[in-house]
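# Pasting a predicted model and its sequence here:
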Amino acid sequence: MATIKRLATLDVAVEELPAAIETFRQNFGLKLADRAVQENTAVLTVGDSEIRLVARKDEAEAGARAMAGLWLEADDLDAVAGRLKDAGFELKELNVEKDRRVLAVDPVGIGSPWLFIFESRG
């Protein structure tokens with residue numbers, strides 16, 4: 001049976017990106033990743049996992065959930081996709097991101113947030 005191997009990235013929606021960065025750095029001792037801060041995101045490392053802080057863009061997003069996405073690594077993406085389909089989950093097409101296949105699970109089916117499952121690199 002295919003399994004989820006690890007939590008890779010947790011996306012967290014924040015009101016103020018600079019304040020959120022300082023909160024995570026000062027209170028939890030997290031460090032900015034090498035690619036650190038880009039337009040509306042910042043990446044903090046937690047062991048071999050990441051917390052990606054994503055700034056809300058406007059008032060329409062103000063009510064958005066604090067956790068925007070959960071990234072999980074699987075050892076066999078096709079097997080996981082088959083199991084989720086059999087269980088009735090709505091899946092988005094497999095995409096390629098950073099040389100890996102990514103499966104997006106619709107948040108309506110899982111009660112939110114977005115769930116992204118990617119295949120381990122060989």
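On my side now, so go ahead. Numbering: from 1, shown residues only.
# Just the buried residues of the strand ranked longest in the chain, please?
When the chain is parsed with DSSP state E, its longest strand is strand 4-14. The neighbour-count check on strand 4-14 (16 or more other Cβ atoms under 10 Å) flags Ala8, Thr9, Leu10, Asp11, Val12, Ala13, Val14 as buried. All C-beta spots, glycine's among them, are computed from the backbone N, C-alpha and C.
# Also stretch 94-108?
Applying 16+ other Cβ under 10 Å to stretch 94-108 flags Val102, Leu103, Ala104, Val105, Pro107 as buried.
# Export those residues as a markdown table, with columns for pLDDT.
Formatted as a markdown table, those follow (pLDDT from 0 to 100):
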| residue | pLDDT |
| --- | --- |
| Val102 | 88 |
| Leu103 | 88 |
| Ala104 | 87 |
| Val105 | 82 |
| Pro107 | 67 |
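# still on that earlier bit, work out the gap between whatever helix or strand comes next after the longest strand of the chain and the centre of the chain.
Next helix or strand after strand 4-14 toward the C-terminus (DSSP states H and E): helix 17-28. With Cα atoms, centre = their mean, to the nearest Å as the basis, helix 17-28 stands 19 Å off its chain's centre.
# if we can go back for a sec, JSON lines for the buried residues of strand 4-14, including pLDDT?
Shown next, in JSON lines, are the buried residues of strand 4-14 (pLDDT from 0 to 100):
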{"residue": "Ala8", "pLDDT": "84"}
{"residue": "Thr9", "pLDDT": "86"}
{"residue": "Leu10", "pLDDT": "86"}
{"residue": "Asp11", "pLDDT": "86"}
{"residue": "Val12", "pLDDT": "83"}
{"residue": "Ala13", "pLDDT": "83"}
{"residue": "Val14", "pLDDT": "83"}
